[in-house]
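1. Based on what follows, work out the 3D shape:
(chains A and B)
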Number of protein chains: 2
Amino acid sequence: MYCILVLGCGRSSVFLLKYLSEHASTQEMKILVADVNISEHSTQMQNIEFHVADLSNELLRQQLISQADLVISLLPPAMHASVAHDCLIYRKHLLTASYATPEILKLHFAARESGITIMMECGLDPGIDHMSAMQEIDHIKNTGGKILSFKSYTGGLPAPESCDGLWNYKITWNPRNVVLAGQGTASFLKNGCLKYVPYHRLFRTLESIHIEGIGHLQGYPNRDSLSYIERYGLQDCHTFIRGTLRYKGFCEAWDVLVQLGYTEDSYIIHNTDKLTWLELSSAFLPEYNPSYSLEHNLSNALKCEVNEHIAECIRNLGLFENEPVLHQYGSPAYFLQKRLEEKWAPPSDYVDMIVMLHELEYFLDEVVRKRSLSLIVKGDDNLYTAMAKTVGMPLAVAASMFRKGLIKKTGVLLPVDKTIYPHMLTELRMHGIRFDTKEQVI
Amino acid sequence: MYCILVLGCGRSSVFLLKYLSEHASTQEMKILVADVNISEHSTQMQNIEFHVADLSNELLRQQLISQADLVISLLPPAMHASVAHDCLIYRKHLLTASYATPEILKLHFAARESGITIMMECGLDPGIDHMSAMQEIDHIKNTGGKILSFKSYTGGLPAPESCDGLWNYKITWNPRNVVLAGQGTASFLKNGCLKYVPYHRLFRTLESIHIEGIGHLQGYPNRDSLSYIERYGLQDCHTFIRGTLRYKGFCEAWDVLVQLGYTEDSYIIHNTDKLTWLELSSAFLPEYNPSYSLEHNLSNALKCEVNEHIAECIRNLGLFENEPVLHQYGSPAYFLQKRLEEKWAPPSDYVDMIVMLHELEYFLDEVVRKRSLSLIVKGDDNLYTAMAKTVGMPLAVAASMFRKGLIKKTGVLLPVDKTIYPHMLTELRMHGIRFDTKEQVI
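-> Sure, this is the predicted structure:
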């Protein structure tokens, strides 16, 4: 029996576990799942052996890993290096949906030496985004096309039927990451010019992105796009940008929080249990005059127009309510997170959606053509989410490829490898993760 | 002979060395000065023994320290902890003009045990600012007054006759610190409300400060004012702010650099030797259209009005010139620093100026009174600067107090101690560092 060990079974694991559960018998696999907490829903799955275990305990973790042929880690990214070291010692393959950090990349030769494969970035973002982009880029290059421009946008959003008309956003992943998203400087290439966007201008650097069947969304630049130019082999492009999608209006309202300093995580405010939310929030405005409207106060404070809809978004978070903060101390980002966890909790009938769009312009046969690939995946329900599907299914397909011996390269491997992505994308298509392609001469 | 060792003899040492040189005979002191470079001007001073030495070399440093009774360190603040450890081993007093960092503060009991005094914050800022503030605060409290508001502003500026009509600023200290000034979040108390100002709004949070004989300057909040409330014993104040002074217009122009992201030090731009300054700077604007004026381009980019004067300040730095960058790589802050080092170098006839203002409002005998203390010190010339005088003279006076046995407390000591500041401020007054006091009922 081929033994697969899954470390971690949080929200994003359901589709992966369902797949493994359903294919365990036919593919002759033994499935072990370990986590410190295991949901009741998970334990009802057939053909899976569950272990309640604190996976930060090295001995326990190694004891589990020693039994497996393949380890799939859904643990927080900071733990991957430890798991990878265990896999090296016990000569087990490792599969994750997280970034191949420098720490992981430097294990390449050790992994080769041990004859194991460490496959990283096998989820949605990173994962499906890079694989689908590489397929398109390789295809255009193979037909003799010269790629001039590459734009790629991804977003995890509420499905239209789950929008609330205000923020149109719910928290379905790590809430701390939601608050800190985009900190640092974003970089990209636009019409041959380098562009660097500091965090305080990030949510003002927007592009309107039309997605068929959804409408106009907003895209803001996603971190260091420049570092992907070489990786994608697109050194001759005049435009290269990767971005994050939100519904219209989200970024303008979030920008108010950034401008106020509410996403700062570098200092602690003390004795906040003596304050109301209004008092705490007023500390981020040069002046707060209670006899003026919130939009008036925010416009004055930030010296730019804050319209009624934006003010309503801010008001809706409860940041300017006359009720006690309760928490004793924290960074501004911590307080904002506490408010968002309440206000942006997905309701029980929540349906999420993953949207991805690649737009490539290329020159072929004397004309410039534009090729758009769009992906829309909606969740089945609040448990079987689009996020869990698009993160879990690439892992499931990769696990099956390991099982079938289709992955032959050792060392640190990414699914953008030409020996991996064609099979992977074909399989994903069969599971409903399917890009629509449009092409036109421009 | 009482032996005083001065470590470091850069720009800020001249007044200290002059004082020691002139008083060596009468006060029976032997003066040793050590640094890796010693200026010709310094070596011409009488009664001083100069040692060329790399003071990061522990052995060399300890050999010098072992000969001294008192060590005065003008070395970069990062080196003070090592020097303090040497002083503990050899049981020598230590005197500096730098902040008492947590690292230094935790040597308090060890210093007491060794019977030595480590006197920190004995310069201008920190130094004269705290001593003069404490004198006023203690005075008002002693007369039964209740302090309601404390505002304190300090600036190192060109004297009016050395202003250029544009930035009105020259670099006379560490240029890297000039570029990075104010990073982080500033905090203060205003009319009973906490205020937190993120860096990207710092140079927009201005107060107009009138200084008699100079005119209206601008003050922006200086880091964490809140932490000084307890230290000053002003827990009942409704307003407490410490700030930095600049000439009018400086902050608005510097804010453009902050908004562009030109003061960022967190990432590196590569291959910049292939760019012009115009190309590099354009990377910080969403769009740059060479057929529009710079003010038009900046206003568009930052979505706020950038007037002609501000644009002229920016243009004057050469950031939008069509000449090669030359440097191969660096952070935005590094490139900006390189430009400022050229453009803001003080001319040979430069005269600098230190301005300090404390404004206290207090309640006494049924009325609210306002007391203003202002200090203006101008430099003698480009060598004997106001900065060197206000940093060096407190050290000189403190050294003389050590010599005369007037400093009896051991451990880590600050000159705001009631046994120190009265004598110190009296002596400084005799050396021309003199506050003007005004009082009015408001």
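2. interface residues of the stretch 201-350 of chain A facing chain B?
-> A:201, A:204-205, A:224, A:259-261, A:264, A:266-267, A:269, A:279, A:282-284, A:286, A:288, A:302-304, A:332 (Cβ under 8 Å from any Cβ of the partner chain). Heads up, the C-betas are built off the backbone N, CA and C, glycines and all.
3. start to end distance for stretch A:234-244?
-> Start-to-end span of stretch A:234-244 (Cα to Cα, to the nearest Å) is 20 Å.
4. Around the residue of the stretch 1-150 of chain A found nearest chain B, how many other residues sit close by?
-> Proximity to chain B, evaluated over the stretch 1-150 of chain A using Cβ to the nearest Cβ, is greatest for A:Pro102 at 15.1 Å. As a burial measure, the neighbour count of A:Pro102 was computed by other Cβ atoms under 10 Å in any protein chain shown and equals 7.
5. Need phi/psi at it.
-> The main-chain torsion angles of A:Pro102 are listed as degrees, to the nearest 10 and equal phi -50, psi -40.
6. so A:Glu230, which of the three states?
-> helix (DSSP: H, G, I helix; E, B strand; the rest coil).
7. just the helices in the stretch 151-300 of chain A please.
-> Under the criterion DSSP state H, counting those that start in this stretch, the stretch 151-300 of chain A contains helices at A:175-180, A:199-202, A:227-231, A:250-260, A:277-282, A:294-302.
8. got the contact list for the residue lying closest to A:Asp224 once chain neighbours are set aside?
-> Spatial nearest neighbour of A:Asp224, excluding adjacent residues (Cβ to Cβ, 6 or more residues apart in numbering or on different chains): A:Ser187 at 5.3 Å. Applying Cβ atoms under 8 Å, 6 or more residues apart in numbering or on different chains to A:Ser187 gives the contacts A:Leu194, A:Lys195, A:Tyr196, A:Val197, A:Pro221, A:Arg223, A:Asp224, A:Ser225, A:Leu226, B:Tyr267.
9. Widest-spaced pair of these?
-> Of all pairs drawn from the contacts of A:Ser187, the greatest distance, 14.7 Å, lies between A:Leu194 and A:Arg223 (Cβ to Cβ).
10. just to revisit the earlier point, mind putting the helices of the stretch 151-300 of chain A into a markdown table with mean pLDDT and mean neighbour count?
-> Putting these into a markdown table (pLDDT from 0 to 100; neighbours: other Cβ atoms under 10 Å in any protein chain shown) gives the following:
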| stretch | mean pLDDT | mean neighbour count |
| --- | --- | --- |
| helix A:175-180 | 94 | 17 |
| helix A:199-202 | 97 | 22 |
| helix A:227-231 | 93 | 13 |
| helix A:250-260 | 98 | 22 |
| helix A:277-282 | 98 | 21 |
| helix A:294-302 | 96 | 19 |
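11. and of those helices, who's closest to A:Cys122?
-> A:Cys122 lies closest to helix A:227-231 among the helices of the stretch 151-300 of chain A, at 15.8 Å (Cβ to Cβ).
12. So which other helices or strands are in contact with that closest one?
-> Of the remaining helices and strands, those touching helix A:227-231 by 3 or more Cβ pairs under 8 Å, 6 or more residues apart in numbering or on different chains; DSSP states H and E are strand A:239-247.
13. angle of the strand it packs on against helix A:250-260?
-> Between strand A:239-247 and helix A:250-260, the angle comes out at 90 degrees (axes from the mean of the first three to the mean of the last three Cα atoms, to 10 degrees).
14. avg pLDDT for strand A:239-247?
-> Per-residue pLDDT values over strand A:239-247 give a mean of 98.
15. One more: stretch A:38-53?
-> 93.
16. One more: stretch A:65-77?
-> For stretch A:65-77, mean pLDDT is 96.
17. May I have the distance across that stretch, first residue to last?
-> Across its full length, stretch A:65-77 reaches 18 Å end to end, with Cα to Cα as the criterion.
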